[in-house]
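1. What follows is a predicted protein model with its sequence.
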Amino acid sequence: MRNPRPKSRRTRRLFTRVFAASLALPAVTNAQAPKAVVEEILVTAQKREQSLQDVPISVVALSAEMMESSNIQDMEDVASFTPNLSVFSMPPFTSLSVRGLGSPFDKGFEHSAGLFLDGVYVGRLAFLDSAFLDVQSVEVLRGPQGTLFGKNTISGALSIRSVQPNDEFMVSLEAQTGDRDLEKYTLLANLPLTDSLAMRLAYAKGARDGAVYNTTLDRQEGSNESENYRLSARWDISDTVNITASSTHIDQNYNLGQFQVQTATDEQFQLMQFYDDQVERNPKDFQSSQDFAPQAPQKGEKHDISVNFEWWEHEFSLINSLSGITEVSETDLDFSPIPLLYFLNGEDYRQTSHELRIVSPLGMLDGKLDYVGGIYYAESDTDIQVIIDAAPEPADLLAGLAANNGLGGGDIAATTVAGQGPGERLFIESFQRGTSTALYGQASWHFTDAFNMTIGLRYSKEKKSVFQQQDLDSGPTDTPGPVFTQAVMAEEYTLDKTRVDESISPKFAIGWEATDNITTYASIAAGFKSGGFSGSAVRAEIAEVEPESSTTYEIGTKMRLLDGAATANIAAFYTEFEDLQLTVFEGSTSRISNAAGAISEGLEFDGQFVSPWGISGSLSMAYLKARFTEYKNGPCPAGTETPCDLTGKPLANAPTLKGNISINYQNDLGDLPLNLLVGADYLYKDDILLNVDQDPIDRQSAYSTVNLRLRIGDDDENWSVQALVRNATDKHALDGSGDIPTLTGAHFARAINPRELDITIKYRF
């Protein structure tokens with residue numbers, strides 16, 4: 001019998017009514033038309049600056065002003081306001097999921113949604129925090145962007161642009177404080193040195209305690225501290241030639257122990273209590289009990305230089321970039337006080353890229369033609385190190401097992417009681433080198449002022465080489481032990497292999513401007529993501545993964561309403577995936593695999609409005625149906641026989657409904673030279689699977705959260721004081737969950753942050 005979930009139905013009816021009301025906006029009439037208009041947002045989704053309302057793509061774009069008024073400070077905030085975008089933020093395991101398609105948790109793979117910072121692709125998400133320092137705009141492009149963006153954009157692309165140096169002197173200071181000892185300081189400075197040369201500095205340093213208390217180690221988990229800066233310069237050599245350069249540095253450290261024991265058998269729980277009598281099976285209490293101090297320090301740098309010039313009315317850009325990230329993440333892999341499994345994953349990643357791009361003027365050949373084209377080349381080197389220790393101090397584990405009659409320690413305990421060990425180590429060293437070459441072009445032909453056609457094509461060639469070796473040690477010897485050979489099914493191996501993947505990613509679109517305020521479009525686009533090699537494979541035969549590809553059909557309309565006082569954008573899409581790359585967990589280990597087929601289809605809506613009375617707001621929502629069409633060798637819940645046929649089952653991290661409503665009121669504060677802003681957000685997410693194996697334990701039911709904000713500042717925007725309450729109703733929900741390795745039947749979980757208050761003081765001169 002199906003669960004009726006009456007609360008979920010009421011919420012869906014609410015969204016349906018609001019959605020219907022938003023579509024009725026064109027019919028609204030007033031005796032006096034509003035003078036306020038929605039801010040025009042310029043985006044670069046097609047490699048040239050265009051109004052968001054004119055771009056025939058499903059794009060959510062946020063300007064710096066919008067982000068400040070809504071207190072959007074990081075990628076998790078962006079995801080909250082972007083339907084069909086999900087973010088799991090836990091460095092170094094941060095991942096993005098667009099329209100139900102995510103990325104494997106594996107150092108050997110890049111992401112399915114490409115990250116572009118100031119127009120440059122970067123292969124690691126560790127740069128996200130620094131990207132939100134002095135940000136100008138954020139664009140979330142949903143659906144494959146293979147033609148113009150190319151590399152690893154099969155599900156979409158995330159483009160973040162920072163403010164560039166300009167000819168206006170400015171210095172801004174910002175200080176933040178709040179719950180859990182929040183302390184953050186930001187300095188922004190724009191310095192015009194001459195009429196043709198300007199520099200800009202953005203610097204931020206901050207720290208915050210985590211929300212989870214570790215009773216075993218007596219420390220807060222989820223804490224972070226960071227120091228990031230970016231120095232950039234722009235030199236206008238002439239009216240037609242300029243050079244821009246920037247250097248970004250990041251230094252970040254995270255405590256990774258937010259995961260709590262969610263479920264465990266009575267025997268497992270009794271063993272946990274031997275090591276910490278405060279351990280609990282309750283992910284709602286923000287209390288963990290891990291005996292190993294998990295952490296992830298990250299250090300990175302990114303250096304860009306771009307030469308831009310005009311010739312024959314065309315814009316040429318030569319963009320060069322060098323980036324790198326070094327991190328060592330240490331994790332308590334059993335998420336409990338049992339001295340069982342410890343995990344280290346280190347990476348040293350380096351990438352260089354070069355792109356030459358040409359952008360034509362609009363309206364060539366009597367207004368008929370415009371185009372974009374270019375060539376792209378990139379190289380990357382990745383050194384990966386994986387160490388898993390199984391009870392490195394066997395006596396500690398034996399003491400607990402003896403007190404618990406030998407029960408509760410899972411597969412490792414069985415070998416320990418039998419006198420076989422453990423004290424084992426799995427050690428992987430991997431070096432991967434990749435090269436990417438591409439040639440792309442996109443042209444639009446305007447048959448009339450109202451009707452146009454766009455054709456795009458990108459040829460890509462990806463070459464990846466790997467030399468990877470896995471060793472298994474037991475105690476003082478270098479012979480494999482029973483824990484990894486029997487429980488994990490690991491084998492010693494050496495992998496020395498090269499693979500080459502080639503693809504052609506076409507795009508075809510037609511657009512029709514029904515009126516000056518209504519644009520409709522229809523498109524077909526292909527996406528491609530190359531195969532590769534897992535950096536943590538425990539056997540050679542599961543190390544290599546095949547490419548994945550997709551074809552997306554999309555129709556949409558973009559409307560300006562009420563004389564510009566409102567906008568409404570709607571997109572419907574249908575995507576077919578082949579050989580979908582997934583991270584799956586089976587018993588005691590995870591692996592990368594390909595699902596034969598999947599479909600993602602749905603509807604997306606976003607709208608904004610402003611009024612002459614200081615009231616403004618936005619509504620965004622999405623309906624998504626993402627499911628496997630063929631996946632007969634899928635993973636199973638722990639303790640059941642594998643494989644499981646997941647054909648027809650839903651994808652993980654793909655809620656059927658997701659949406660938000662935001663309202664702001666801003667006005668002068670009496671006769672004082674001050675203005676007041678009061679606002680609120682209502683954020684809703686439907687039922688969601690947190691793991692691909694369909695285990696009902698790893699599921700979060702529908703929930704909603706509320707944010708509240710208050711800001712007072714002077715009319716000239718020289719200073720402001722702002723308070724923000726996130727999750728004001730203190731809602732509890734999970735955003736991560738899974739099986740605990742070797743402890744069959746036990747699960748870990750991570751909860752969203754509880755209610756928290758941030759206060760920001762900003763001064764500009």
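-> Thanks, I have the structure now.
2. Can you name the residues that contact Tyr666?
-> Careful, residue 666 is Gln; it's not Tyr. Going by Cβ atoms under 8 Å, 6 or more residues apart in numbering, Gln666 touches Ser69, Gly614, Ser616, Asn675, Leu676, Leu677, Val678. C-beta here means a position set from N, CA and C on the backbone, and glycine is covered the same way.
3. swap in Ser536?
-> With Cβ under 8 Å, 6+ apart, Ser536 has these contacts: Asp106, Lys107, Gly108, Asn345, Ile384, Val386, Ile428, Ser590.
4. Of the contacts of Gln666, which is the most crowded?
-> Within the contacts of Gln666, Ser616 tops the neighbour count with 23 neighbours, counted by other Cβ atoms under 10 Å.
5. Tell me the first helix or strand C-terminal of the helix or strand harbouring it.
-> Using DSSP states H and E, Ser616 maps to strand 615-630. Going down the chain from strand 615-630, the next helix or strand is strand 657-668, by DSSP H and E.
6. before we move on, the earlier item: in strands, which of the contacts of Gln666 appear?
-> Ser616, Asn675, Leu676, Leu677, Val678 (DSSP state E).
7. so Val483 sits in a helix?
-> Yes - applying DSSP: H, G, I helix; E, B strand; the rest coil, one finds Val483 inside a helix.
8. Surely it is in contact with Asp411?
-> Yes - under the criterion of Cβ atoms under 8 Å, Val483 makes contact with Asp411 at 6.7 Å.
9. Mind checking which of the two has more residues around it?
-> Neighbours were counted for Val483 and for Asp411 using other Cβ under 10 Å; Val483 has more, 32 against 22.
10. picking that back up, pull the distance from the strand holding Ser616 to the chain's centre.
-> Centroid separation between strand 615-630 and its chain, computed with Cα atoms, centre = their mean, to the nearest Å, is 16 Å.
11. Against Asn308, how distant is the most centrally placed residue in the chain?
-> By Cα atoms, centre = their mean, the chain has its centre lying nearest to Leu96, at 3.1 Å. Distance, Leu96 to Asn308, using Cβ to Cβ, to the nearest Å: 29 Å.
12. What of Arg699?
-> 50 Å.
13. burial measure for the closest residue to Val120 other than its chain neighbours, as a count.
-> Excluding its sequence neighbours, the residue lying closest to Val120 (Cβ to Cβ, 6 or more residues apart in numbering) is Ser321, at 4.4 Å. Residues near Ser321, counting by other Cβ under 10 Å, number 22.
14. Test for you: state the pLDDT assigned to Ser321.
-> Ser321 is assigned 97 on the pLDDT scale.
15. Check the one 4 residues further on too.
-> pLDDT for Ile325: 94.
16. give me the element it is part of.
-> Short version: Ile325 belongs to strand 314-332, going by DSSP H and E.
17. Centre of the chain to that strand, how far?
-> On Cα atoms, centre = their mean, the centre of strand 314-332 falls 16 Å from that of its chain.
18. quick one: buried residues of the helix or strand just after that strand?
-> Sequence order places strand 341-359 as the next helix or strand after strand 314-332, per DSSP H and E. By neighbour count on 16 or more other Cβ atoms under 10 Å, the buried set for strand 341-359 is 341-343, 345-347, 349-351, 353, 355, 357-359.
19. from memory the residue nearest to Val120 sits against Glu301, does it?
-> No - between Ser321 and Glu301 there is no contact under Cβ under 8 Å: 11.0 Å.
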